[in-house]
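Asks: Everything below, folded, please.
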Amino acid sequence: MSSLTDSVAPAARSAVPNPLARIARNYYLRRVAQSIALMFGVIIIVFMLVRLTGDPASLMVAREADAEQIAEIREIYGFDKPVVEQLTTYLGDVVTGDLGRSFLYRDSTLELIVSRFPDTLILAATALAFALIIAVPLGVAGGSNPGRPIDKLARFVGVLGQVTPSFWLIMLLIVYVGVKWGLLPTNGVGTWKHLVLPAFALSVGAMGQFVRLTRSAVLEVRNEDFVRTARSKGLARRAVARRHITRNALLSLVSVVGVQFTYMLGGSIYIESIYARPGLGQLLDAAVRARDFPLVQAITIFIAGFTIIMNLVTDVLYGLLDPRIRHGG
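Replies: Predicted structure coming up:
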């Protein structure tokens, strides 16, 4: 009889819903639903803002175009239909992956974006790697040694990264590192050397924020009760720093890293224009100059969509790393 009870008990226990698992599942589902709603909101806002600037057809033709040419463009792109109908049609096209056709390149805007996006992604990822490789060790060292020279260096780098004007830094790198000293190329693509200057220029702002955040997190965590308990048990200082202080302090970086990466994608647009890199920046610059309305709209929506996806991934990752978030979210 006891054996029968023992065999039934585990099955019965497994059938009972786990409230924590249900809360965690609701957390993830809620984040996904919010991201989808936000994406549709962005599409609608971009769609309406473009039309608030005036007649899109007149923006897509030369200034000397006559009324017949404008009417033809308006008919080709469906601008002659009611706005609600245009919006409904555009939402349906976006869902199927159709972001329209470029007026300048006579090609699918999505295909143009996908062909240029890898270079922009590599630039942003390299800039993020620069920021993390320099900022995290410096922030941990500064927070672990308050008041010492390494802490002063961390604070200096943190402030410098936050206040340095990006346009000034870009020109400084080009003039000295590229032209005067001839250490690295200042434009184009080809080798890893072409990536160093634009990636470093793009990373400085995030580097300052990462240093300050990491240092503050380490200073806060090192005074927690569990750290004092670990020390009282006789654990070595390095073990306490690695297993308890650093690991918990870096949790606060997860959400910031995701946000900063999306900022870098946006910032890479003007960086690419200055350093002549064939990414989304050059594509957007050409689209604006040519008044290619469908391409400008598509790039804006694509970047916004990628940003929303990155924020969603960050929320999910943060919830996995810190159960308090998903159980209390």
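
Asks: how close does the residue nearest to I113 when sequence neighbours are not counted get to K152?
Replies: Leaving aside its chain neighbours, I113 sits nearest to F302 (5.2 Å; criterion: Cβ to Cβ, 6 or more residues apart in numbering). Yep, even glycine has a C-beta here, placed from its N, CA and C like the rest. Remark: distance between F302 and K152 (Cβ to Cβ, to the nearest Å) = 43 Å.

Asks: Looking at the two, which is more packed in?
Replies: Higher neighbour count among F302 and K152: F302, with 17 against 13, using other Cβ atoms under 10 Å.

Asks: Distance of that one relative to G100?
Replies: Distance, F302 to G100, by Cβ to Cβ: 11 Å.

Asks: Check which residues of stretch 145-155 are buried.
Replies: 150-151, 154-155 (16 or more other Cβ atoms under 10 Å).

Asks: Ok, stretch 305-313 next?
Replies: Neighbour-count burial for stretch 305-313 flags 305-308, 310-312 (criterion: 16+ other Cβ under 10 Å).

Asks: Narrow these to those in helices?
Replies: Judged by DSSP state H, these include 305-308, 310-312 as members of helices.

Asks: show me where the stretch 201-329 of the chain has helices.
Replies: Under the criterion DSSP state H, counting those that start in this stretch, the stretch 201-329 of the chain contains helices at 225-232, 237-240, 247-249, 251-275, 280-289, 293-321, 323-328.

Asks: Those: which one's closest to E85?
Replies: Closest approach to E85 among those is made by helix 293-321 (17.1 Å; Cβ to Cβ).

Asks: That closest one to helix 280-289, inter-axis angle?
Replies: Angle of helix 293-321 versus helix 280-289, following axes from the mean of the first three to the mean of the last three Cα atoms, to 10 degrees, is 150 degrees.

Asks: So which elements touch helix 293-321?
Replies: Packing partners of helix 293-321 (3 or more Cβ pairs under 8 Å, 6 or more residues apart in numbering; DSSP states H and E): helix 19-52, helix 109-144, helix 251-275, helix 280-289, helix 323-328.

Asks: Now do the most centrally placed residue in the chain against A65, distance only.
Replies: Central residue of the chain (Cα atoms, centre = their mean): T262, 1.7 Å from the mean position. Using Cβ to Cβ, T262 is found at 37 Å from A65.
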